[in-house]
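Chemist: curious how this folds, go ahead:
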Amino acid sequence: MLTAADVVDRILIEALEVECIVGVRPLERRRKQVVRLDLALSLDLSGAGKTGRITDTVDYARIADEVSGLLRFREYQLIEVATEELAAMLFGVHPMLQALQIRLEKPEALRGRARSASVEVQRARAQFPVQISRDPCGEHEVWLSTHEARLEIFRVAPQATWEVSGGAGRRHLEWSLAGDLTRDGTPLERDPRERSTTVASHYANRGLAMAAVFRCECLMPAASETSGDGDSSSTT
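Modeler: So this is what the prediction gives:
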């Protein structure tokens with residue numbers, strides 16, 4: 001007989017293809033290549049099964065857009081880093097997710113020797129303890145912070161404006177998660193968009209409910225990453 005612990009609902013996305021910069025070899029830093037992802041997202045789907053509402057589940061089209069946007073923006077060197085950041089982003093953006101499995105494949109990594117090289121990880125929500133700081137304007141959540149990037153969510157209170165400082169040599173990706181948000185007077189889009197961080201950003205919530213924006217901030221690629229004649233034996 002099944003117990004509650006045995007019942008795991010999953011949403012599966014198989015062989016999602018994204019063209020992006022990924023790898024450590026000089027050629028990989030200059031030329032885009034196709035990677036493939038398999039995602040298994042664990043959550044309780046019984047509510048959506050009864051109500052028929054998309055708000056009671058996660059939208060796999062949105063998941064595909066978010067994952068693709070982060071991969072294209074970050075230009076990862078190691079796919080191990082990519083899978084960890086993808087997991088952190090998905091847990092932060094989709095509170096209903098309980099656990100997930102990500103398989104990220106580079107079909108061209110071992111051309112002529114193997115069909116592909118890949119990394120597969122399984123992560124639970126508890127592995128990403130969120131750091132929350134509160135402000136009169138709302139809440140700031142940091143889901144992952146490394147020497148490469150910071151993944152964060154700003155939750156802006158109704159009728160409040162939050163100023164987020166910028167800085168030279170950095171760039172960020174953002175998209176609206178909820179509410180009626182503007183950035184510097186322009187409505188914030190639901191689709192991932194790269195933005196400049198050289199000046200401060202002003203996020204204004206024009207609505208009567210809490211609004212939220214996801215951001216990934218990282219350094220500009222170093223010149224050495226896009227030039228050079230050497231090669232590396234690493235496959236990831």
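
Chemist: let me see the contact set for the residue nearest the centre of the chain.
Modeler: Closest to where the C-alpha atoms of the chain average out (Cα atoms, centre = their mean) is M89, at 3.9 Å. With contacts defined as Cβ atoms under 8 Å, 6 or more residues apart in numbering, M89 is in contact with E66, V67, L70, W143, L144, L151, F214, C216. C-beta coordinates here come from the backbone N, C-alpha and C atoms, glycine included.

Chemist: report the buried residues of the helix or strand in which it is found.
Modeler: Applying DSSP states H and E as the criterion places M89 in helix 79-93. Across helix 79-93, burial judged by 16 or more other Cβ atoms under 10 Å covers 79, 81-93.

Chemist: if we can go back for a sec, pLDDT value on the residue nearest to the centre of the chain, please?
Modeler: Note for M89: predicted pLDDT of 98.

Chemist: then A117?
Modeler: Predicted confidence (pLDDT) for A117: 88.

Chemist: Q77: how many residues sit nearby?
Modeler: The number of residues packed near Q77 is 21, by other Cβ atoms under 10 Å.

Chemist: that should have said K50, apologies.
Modeler: Residues near K50, counting by other Cβ under 10 Å: 9.

Chemist: any low-confidence regions in the chain?
Modeler: Residue ranges of the chain with pLDDT under 70: 1-7, 221-236.

Chemist: break it into its domains for me.
Modeler: By the record's domain assignment, the chain is partitioned as 10-127, 131-219 (automatic domain parsing).

Chemist: picking that back up, can you lay out the buried residues of helix 79-93 as a markdown table showing distance to P26?
Modeler: Formatted as a markdown table, the buried residues of helix 79-93 follow (distance: Cβ to Cβ, whole Å):
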| residue | distance to P26 |
| --- | --- |
| I79 | 17 |
| V81 | 18 |
| A82 | 19 |
| T83 | 23 |
| E84 | 24 |
| E85 | 23 |
| L86 | 25 |
| A87 | 28 |
| A88 | 28 |
| M89 | 28 |
| L90 | 31 |
| F91 | 34 |
| G92 | 33 |
| V93 | 33 |
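
Chemist: tell me the one of these nearest G52?
Modeler: Relative to G52, the closest of the buried residues of helix 79-93 is V93; by Cβ to Cβ it sits at 22.6 Å.

Chemist: that closest one: what's it in contact with?
Modeler: Contacts for V93 were tallied using Cβ under 8 Å, 6+ apart; they are E66, I153, L177, F214.
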